[in-house]
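Colleague: quick one: sequence plus predicted model below, questions after.
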Amino acid sequence: SINFTGNDNTSYIHAGLDNGTRYYYKVASVNHSIGLGPLSSEISTITIAEPPGNMSATGGSDNVTLSWSSAAGADNYTIYWSTSSGVNNSSNSINFTGNDNTSYIHAGLDNGTRYYYKVASVNSGGIGGLSNEVSAMTDLAAPDNVSATGGSEQVILSWNKMNGADNYTIYWSTSSGVDNSSNSINITGNDNNTYIHFGLDNDTRYYYK
């Protein structure tokens, strides 16, 4: 029991409770001359759940896979996300049903982009605190608009700059079927999206990826 003084005090904050726990209450009026009156009807409420723990994010092709530990007292989860750090509860959000569902694939994303996430537990008491922030980068897309123009002992290559790329690797051969075991040239910097391949044999076809 909690003794609470004054007829004008008709609200009370019961602090120091466990999160994700339902508490039940009845209230009685007290008169110091007469004593304790009858109890009110019973009410209950649940405190907000703890934030999910063990957050992780793994990038894939057009998607990020999120996982976390279930939080006691949570009925659902809300995922908050952004393409910049500092995610909060005004960021983009995804509502996710069920405490047993502790993983989510965020699909339809842009490749070569880093995404940031926090997850909050939700129950009838409201939205709990946010988890720690995690991030992952989606897979890089293959360069597009690749072109090759032959010259005297050289081939000029060009391609579109690709979102999220730091560098490029050019693979080449004098026969079709170039793959990542072919001859290679490393090109540093995303801004370097052209390359002149020097010292080649004239009247020879060269293949590139």
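Modeller: Right, received. Where do you want to start?

Colleague: state the number of residues packed around the spatially closest residue to residue 202 that is not a sequence neighbour.
Modeller: Spatial nearest neighbour of residue 202, excluding adjacent residues (C-beta to C-beta, 6 or more residues apart in numbering): residue 153 at 5.9 Å. All C-beta spots, glycine's among them, are computed from the backbone N, C-alpha and C. Using other C-beta atoms under 10 Å, residue 153 has 12 other residues around it.

Colleague: again, but for residue 112
Modeller: 16.

Colleague: can you pull the contacts of it?
Modeller: 137, 138, 139, 140, 141, 162, 163, 164, 165 (C-beta atoms under 8 Å, 6 or more residues apart in numbering).

Colleague: distance of it from residue 150?
Modeller: 30 Å (C-beta to C-beta, to the nearest Å).

Colleague: and residue 156, what does it touch?
Modeller: By C-beta under 8 Å, 6+ apart, the contact list for residue 156 reads 148, 149, 194, 195, 196, 197.

Colleague: PyMOL command to pick out the buried ones of the residues you listed?
Modeller: Command for PyMOL, covering only those of these found buried under the criterion 16 or more other C-beta atoms under 10 Å:
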select buried, resi 148+195+197
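
Colleague: element containing the most centrally placed residue in the chain, please.
Modeller: Nearest residue to the geometric centre of the chain (C-alpha atoms, centre = their mean): residue 117, 3.1 Å. Using DSSP states H and E, residue 117 sits in strand 114-123.

Colleague: which parts of that strand are buried?
Modeller: 115, 116, 117, 118, 119, 120, 121, 122, 123.

Colleague: quick one: residues contacting residue 190.
Modeller: Residues in contact with residue 190 (C-beta under 8 Å, 6+ apart) are 161, 162, 165, 166, 167, 168.

Colleague: drop anything exposed from those.
Modeller: Looks like these have 162, 168 buried, using 16+ other C-beta under 10 Å.

Colleague: which one of the contacts of residue 190 is nearest residue 56?
Modeller: residue 166 (23.3 Å; C-beta to C-beta).

Colleague: so who does the closest one touch?
Modeller: When contacts are counted by C-beta under 8 Å, 6+ apart, residue 166 touches 189, 190.

Colleague: what pLDDT does the model give the residue nearest to residue 202?
Modeller: Residue 153 carries a pLDDT value of 97.

Colleague: what's it sitting at in phi/psi?
Modeller: Per-residue torsions, residue 153: phi 60, psi 30 (degrees, to the nearest 10).

Colleague: and it, how close does it get to residue 146?
Modeller: Per C-beta to C-beta, residue 153 is found 21 Å from residue 146.

Colleague: the residue located most distally from the centre of the chain in helix, strand or coil?
Modeller: The centre of the chain is farthest from one residue, residue 33, which by C-alpha atoms, centre = their mean lies 61.0 Å away. Under DSSP: H, G, I helix; E, B strand; the rest coil, residue 33 falls in the coil class.
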